[in-house]
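> sequence first, predicted model second:
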Amino acid sequence: MPLIESGAPGIRPIDRQQMPSGPDSIHRRDDGSSGGFRPQTNVSLRTAIRDMAATLGKIGVEERFGIQKLPQEVGDVVRNILRQSLSVEATLARGIGSTIESQRFSADQLMLFSRMLMQVGTLVEKGYSMELSDETQALLSNLKASLVAREGGEALEPVLLSKASFELLDSKTAEQLPQALYEVLSQLATAPSAAPQTQPPTSDSFQFLKQLVKFFMPRPGVDIPPTDQQPQPQSPTQRLLQSMFKNFGGQPTSTPQAQPQSQPTSTTNVQPQAQQTSTTTVQSQAQPQSQPTSTTNVQPQAQPTSTTVQPQAQPTSTNVQPQSQPTSTTTVQPQAQPTSTNVQPQAQPTAVNSDFVARQMEIREQMDVAKTTLLRQPLQNTPQTTDALKDLAQFLLRNSEMSPRETVMLQNFVNNTQKMMPEAEARHLQNLLRLCQQNVPLTVQQAAVQQDLPDLPRLWAFMQLCDMANLTSKMNARAFKRAGKDVADFATAMTKAMSPDNSVVQNQRTFQMMMPLYIGENERSYPTYLSVYDEKSRDADGNEKKETWLRLCVLTDHIGAAELIFRIYDKSQLDMRFYFSRRDIALEFGNLYVNQLKHSLKDMPLNIGEIRIGAVGERMASA
């Protein structure tokens, strides 16, 4: 007798508005059968697959239409954020938890990008340009493409840096980061040699990344010598940017050097801004009771290895939306906990709670100091910076595929005898870099402090700068603001469509969500439905039994809807079912791919049980 016949009770259709609300909502087929795939509903497979396809098709149309509305350069950034964060490798290949994190941080990154576009529009409206030359745009965009193209290089994408930072706050250590990211952070942490002129020419994209981060965001006392000069007065641009970031809900960490448009035309002019005045301002604003001591007292970022801080990394903390409300990561004010129980056990929780709050305040203080240190050093517009850019241009000409226009442009840049960037170009680049530094997510800042990775925010800011570089000369102030609003609308619609549903009924748990999943070499987007069903019960002897079901439905362009169901039971048994909307595809899958699937699973600690394949309107057949 076939396991599931055509027209027999099938899988629950996808209707997000009608979630099970109680035990009576889950309809069981109780026919005494002990075969696989027991959870059933009263809907036929034919209806289920059609409802699924209609729902997923709607998601796909919303995604494509939303991106097509955007200017091309903005749409490319949005598409890249989704592709990198919602690829199979970044989601299902790493587990359900990673899939949920990817969905969350993709939405966060889209909202952050929207806010940055609005900020650029405001600055341009006020007359502060961020327009970069075509040569600088080509250098930054092609360097990022070269970095990401390396094996594991996608881990350097800003959205995945935010996700990795959350994992550092949750349970990971720096050594458990993706190999490429760990390698870059290790290189950035290395102090520059005393005689860089004698070093052989750089021939690695990671080395160019290290050089440019060093020249664009120098570390005081490491990349540049310390100075005793007094800070320069705040420029009109700096004052405007400071007030603008507060109005936009940016991080009001009182950074007077937030936008130093100081003349980056010489190394000595650039260094004098390493002072501690802004640091004490930051501390007094963020935590009134923190000690307003000098920068050297608060600077050490090596302390944050304590694990007591990890509760702040829970998915329910404000780290979920670090971009939108960057100032309130430490809203973990658990003072509310002790007040709810006025009974005798209050004494000890109060002591524990006060230690926790003190630790949170200490971390916040260190984050403020680290951010102020990042913001107060202006870009180094020196002959060494220009030489590094020319070396990068030669590297890209040899190793990257570029358009003929970009090739000619970079060849002319290499042959140019100019020793430093024009002052206007350096100022515009500085403006855009400050914008990226101001928007470093709090998740990244906190992970940098706790894990003693001070270069993590610098890396995030540089990679975001590469994303923003191509936008600055393409739009005016009104276009920037309109694009920012469109990206925000798109992010809101996608978040609503992808929002997961989780329900618990007695000993049964269900989780489901929808998402665009990027699959294949071309990384096309396919609307995907994901469902996990988990049930615990006890047998006649009182032993606990557990079943877990994973269901995926993917809507494709050429083979229609494909449904994959995996059932794990009796600790190590695995049943699989593959269901297609077209009969010819089901036959082809059974003839060509089932043996390959069995072979690829032979080393798994699971015992392969039933494998069933079927199509709409037909019986399921064993493979």
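Yep, that arrived. Being a predicted model, the structure only gives us computed values, none of them experimental. Numbers count the residues shown, from 1 in each chain.
> please make it C-alpha for all contacts and neighbour counts, starting now.
Fine.
> can you list the weak-confidence ranges in the stretch 301-450 of the chain?
For the stretch 301-450 of the chain, the stretches flagged by pLDDT under 70 are 301-352.
> show the end-to-end separation of stretch 500-509, please.
Start-to-end span of stretch 500-509 (CA to CA, to the nearest Å) is 13 Å.
> the longest strand in the protein is where?
In the chain, with assignment by DSSP state E, the single longest strand is strand 524-538.
> what residues does that strand touch?
The contact list for strand 524-538 (CA atoms under 8 Å, 6 or more residues apart in numbering) reads 56-57, 59-60, 83, 507-519, 544-556.
> residues near residue 190, how many?
10 (other CA atoms under 10 Å).
> for stretch 464-483, measure first residue to last.
17 Å.
> how about residues contacting that stretch?
Under the contact criterion CA under 8 Å, 6+ apart, stretch 464-483 has outside partners 70-71, 73-74, 77, 114, 117-125, 130-132, 136-138, 140-141, 144, 158, 432-433, 436.
> next step: those restricted to helices.
The helices, defined by DSSP state H, take in 73-74, 77, 114, 117-125, 136-138, 140-141, 144, 158, 432-433, 436 from those.
> please, a PyMOL command that selects the buried ones among those residues?
Selecting only the buried members of the ones in helices among the contacts of stretch 464-483 in PyMOL, with burial defined as 16 or more other CA atoms under 10 Å, works like this:
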select buried, resi 73+74+77+114+117+118+119+120+121+122+123+124+136+137+138+140+141+144+158+432+433+436
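> buried sites along stretch 131-151?
131-132, 135-148.
> let me fix that, I meant to ask about stretch 73-82.
73-75, 77-79, 81-82.
> quick one: mean pLDDT over stretch 547-562.
The average pLDDT within stretch 547-562 is 88.
> tell me how far the ends of it are from each other?
End-to-end distance (CA to CA), stretch 547-562: 23 Å.
> hmm, who's touching stretch 576-591?
Residues outside stretch 576-591 that contact it (CA under 8 Å, 6+ apart) are 49, 559-567, 609-616, 623.
> ranges for the strands of this structure?
Going by DSSP E, the chain shows strands at 501-505, 508-519, 524-538, 544-555, 561-569, 573-580, 607-615, 621-622.
> out of these, which is closest to residue 89?
Of all those, it is strand 508-519 that lies closest to residue 89, at 8.8 Å by CA to CA.
> what does the closest one rub up against?
Contacts for strand 508-519 (CA under 8 Å, 6+ apart): 56, 59-60, 83, 86-88, 103, 497-504, 524-536.
> so where's the chain shaky on pLDDT?
Low-confidence segments of the chain, defined by pLDDT under 70: 1-62, 64-65, 191-203, 221-352, 521-522, 619-621, 623.
> now the contacts of stretch 576-591: which count as buried?
49, 561-567, 610-616.
> closest one of those residues to residue 594?
Using CA to CA, the buried ones among the contacts of stretch 576-591 come closest to residue 594 at residue 611, 8.5 Å.
> which one is that closest one nearest to, not counting chain neighbours?
residue 576 (4.8 Å; CA to CA, 6 or more residues apart in numbering).
> how much space between the one you found and residue 419?
Residue 576 is 65 Å from residue 419, by CA to CA.
> same question for residue 210.
21 Å.
> and those two? Which one has more around it.
Neighbour count, other CA under 10 Å: between residue 210 and residue 419, residue 210 has more, with 18 against 13.
> so who does that one touch?
Here residue 210 is in contact with 184, 187-188 (criterion: CA under 8 Å, 6+ apart).
> possible to save these as CSV with distance to residue 492 and neighbour count?
Below are these laid out as CSV (distance: CA to CA, whole Å; neighbours: other CA atoms under 10 Å):
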residue, distance to residue 492, neighbour count
184, 33, 19
187, 38, 17
188, 36, 23
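> adding distance to residue 362 as columns, could you present those residues in TSV?
Converted to TSV, the contacts of residue 210 look like this (distance: CA to CA, whole Å):
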residue	distance to residue 362
184	28
187	28
188	25
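> of those residues, which is the nearest to residue 491?
residue 184 (30.1 Å).
> once you drop chain neighbours, what's closest to residue 380?
residue 215 (5.3 Å).
> follow-up on the earlier one: just the buried residues out of the contacts of strand 524-538, in ChimeraX syntax.
Selecting only the buried entries of the contacts of strand 524-538 in ChimeraX, with 16+ other CA under 10 Å as the criterion:
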select :56,57,59,60,83,508,510,511,512,513,514,515,516,517,518,547,548,549,550,551,552,553,554,555,556
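> I'd say residue 440 and residue 462 touch.
No: the criterion here is CA atoms under 8 Å, and residue 440 misses it with residue 462 at 10.2 Å.
> ok, the two, which is more surrounded?
residue 440 (26 against 22).
> dump the residue contacts of residue 168.
Counted by CA under 8 Å, 6+ apart, residue 168 has contacts 174, 447, 451.
> of these, which is the most crowded?
Going by other CA under 10 Å, residue 447 tops the contacts of residue 168 with 28 neighbours.
> that residue and residue 170 touch, don't they?
No: using CA under 8 Å, residue 447 is not in contact with residue 170, being 9.5 Å away.
> which neighbours do the two have in common?
Counting by CA under 8 Å, 6+ apart, nothing touches both residue 447 and residue 170.
> okay, the angle between the longest strand of the chain and strand 501-505?
10 degrees (axes from the mean of the first three to the mean of the last three CA atoms, to 10 degrees).
> now do strand 524-538 against strand 544-555, angle only.
Using the same axes, to 10 degrees, strand 524-538 lies at 160 degrees relative to strand 544-555.
> so which bits of strand 524-538 are buried?
Quick answer for strand 524-538 (16+ other CA under 10 Å): 525-535.
> now do stretch 594-605
In stretch 594-605, counting by 16+ other CA under 10 Å, buried: residue 594.
> equivalent analysis for stretch 479-486, please.
Quick answer for stretch 479-486 (16+ other CA under 10 Å): 480-486.
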